[in-house]
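# A structural model of the following input is requested.
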Amino acid sequence: MLNDTIINAERELYLTLLELAQQQPIAYEWLKQLPTWLNAIKDKANYAHAPAYQASVARLPTLTVNNVDLNSDTLTIDASLNESERKQATALLKQLMPWRKGPFQIGGQIGSQIGNDESVIKIDTEWHSDWKWQRVAPHLGELKGRRVLDVGGGSGYHGWRMAGAGADTVIIVDPSCLFYHQFMAIRHFVGAADAHTYAHAKDRGRYRTHYIPVPLEALPAHSQLFDTVFSMGVLYHRQSPFEHLQQLRGQLVKGGELVLETLVVEGDANTVLVPHNRYAQMNNVYFLPSVAALTGWLEKAGFSDVRCVDVAVTSTEEQRKTEWMTYHSLADFLDPNDSTKTMEGYPAPMRATLIAKR
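Numbers count the residues shown, from 1 in each chain. Reported below is the predicted structural model:
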């Protein structure tokens, strides 16, 4: 029997935007475009693998879920799986490889660590996205009760963590067909665990975590709908970084908080690396500023109270090849004789997180 996970999730998204539009009419502009956005991601003419991804999600088994922990490093669905269900779910989830952002665990008890227990499904993703969250979370403003936009959210790991931190509504945007269906696969097992529970709310029982499969620039400009906007791992992929910063600002309410994480280099306020061809074998990396230069960019884009809260060199323990991501990873992109450099001779990946106010 096929499940209705995607249909239910998209209906919840529609109802959430409809409720929002009654308070903030600009959300009607989102609603007008929503059918086009959701149909496009499933169109085989746009994405050859879309029907296969949909089928994989629809065939996931329905489990008895005891608990879901959205606030643990390994997002864990405490569920009972028999051997047949485990094999079926594992095979279907592996049809959605490569899994890059996580980790996730289906089965087992809350608080158990990814290990060798073969009775559970452990999606050991390429990235330890929990490490990034550990670096960022202590510096965030209050997320409880806030409306949050997660730009370039990948499979949705950080979006789930935002919901776990108490966000009232989280909307993830990312144009990847694969990531959209990975999110839906996790949604299938999470079910309504992230739903509103307070009795006085009109939207009691409504999902809090949603996914719109479009890039930031597809959203209605200057919506000013969000208390907090995250852009993590996106800016260096943009040919026009200032346009990206202005688009982020346009989604924030006055006084709202931007959380920006991106690749940086050492240097002063005038230092910006522009890779000639590829950077760490990526051909879509355009600008790597210093922290000082990035601070200036944010201020020029109209942000205030800019502060750098974390700088970390990416290690081959944080980003690596796994059973769930079998392609080349960071270790393959560094100089084999000098891990402080990429294959192209540039400084190895270093990421900074800056927080600013609109």
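# Run through the neighbouring helices and strands of the lengthiest helix in the chain.
Scanning the chain for the helix with the most residues, using DSSP state H, yields helix 5-21. On a contact count with 3 or more CB pairs under 8 Å, 6 or more residues apart in numbering; DSSP states H and E, helix 5-21 meets helix 27-40, helix 50-58, helix 177-190, strand 209-212. The C-beta positions use only the backbone N, C-alpha and C, and glycine is treated the same way.
# So for the protein, the centremost residue is which one?
Note on the chain: the residue nearest the mean C-alpha position is Gly153, at 2.1 Å, using CA atoms, centre = their mean.
# mind listing what that one touches?
Gly159, Ile172, Val173, Asp174, Phe179, Tyr211, Phe230 (CB atoms under 8 Å, 6 or more residues apart in numbering).
# Please indicate which of these has the highest neighbour count?
The residue in the contacts of Gly153 with the most neighbours, by other CB atoms under 10 Å, is Gly159 (30 neighbours).
# Confirm for me that that one is in contact with Leu149.
No. Using CB atoms under 8 Å, Gly159 is not in contact with Leu149; the gap is 9.6 Å.
# does Glu217 count as helix, strand or coil?
helix (DSSP: H, G, I helix; E, B strand; the rest coil).
# so where's the stretch 51-200 of the chain shaky on pLDDT?
The stretch 51-200 of the chain contains residues with pLDDT under 70 at 110-117, 198-200.
# Surely His244 is within a strand?
No. Using three-state DSSP, the assignment for His244 is helix, not a strand.
# Tell me which helix or strand comes right after the longest strand anywhere in the chain.
Scanning the chain for the strand with the most residues, using DSSP state E, yields strand 252-263. Downstream of strand 252-263, the first helix or strand assigned by DSSP states H and E is strand 272-273.
# will you turn the helices and strands packed on helix 5-21 into TSV that also has distance to Glu344?
Output for these, formatted as TSV (distance: least, CB to CB, whole Å):
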stretch	distance to Glu344
helix 27-40	35
helix 50-58	33
helix 177-190	27
strand 209-212	34
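# so of these, which one's packed in deepest?
Comparing the helices and strands packed on helix 5-21 by mean neighbour count (mean count of other CB atoms under 10 Å), strand 209-212 comes out on top with a mean of 27.
# average pLDDT across the next helix or strand after that one?
Per DSSP H and E, the first helix or strand lying C-terminal to strand 209-212 is strand 226-232. The pLDDT scores in strand 226-232 average 98.
# Renumber starting at 29 from here on
I'll keep to 29 as the first residue from here, and by that count the last item is strand 254-260.
# So what angle separates the directions of strand 254-260 and strand 280-291?
Orientation of strand 254-260 against strand 280-291 (axes from the mean of the first three to the mean of the last three CA atoms, to 10 degrees) gives an angle of 10 degrees.
# Not counting its own residues, what contacts strand 254-260?
160, 164, 168-169, 171, 174-181, 186, 190, 195, 199, 244, 272, 276, 279-281, 284-290, 381.
# Give me the common contacts of Gly187 and Leu177.
The overlap between the contact sets of Gly187 and Leu177 (CB under 8 Å, 6+ apart) consists of Val198.
# Not counting residues beside it along the chain, what's closest to Ile69?
Pro241 (4.0 Å; CB to CB, 6 or more residues apart in numbering).
# err, Gly192, not the other one
Closest to Gly192 by CB to CB, 6+ apart is Leu98, at 3.2 Å.
# With Ser259 instead?
Val179 (4.5 Å).
# Could you list which residues are in contact with that neighbour?
Val179 neighbours (CB under 8 Å, 6+ apart): Val201, Asp202, Leu244, Val257, Phe258, Ser259, Met260, Val262, Leu276.
# Please name the nearest non-neighbouring residue to the first one.
In space, Val201 comes closest to Ile240 once its chain neighbours are excluded; the distance is 5.0 Å by CB to CB, 6+ apart.
# give the contact list for that neighbour.
Shown in contact with Ile240 (CB under 8 Å, 6+ apart): Leu41, Leu62, Trp65, Ile199, Ile200, Val201, Leu247.
# do the same with Gly283
By CB under 8 Å, 6+ apart, the neighbours of Gly283 are Lys385, Arg386.
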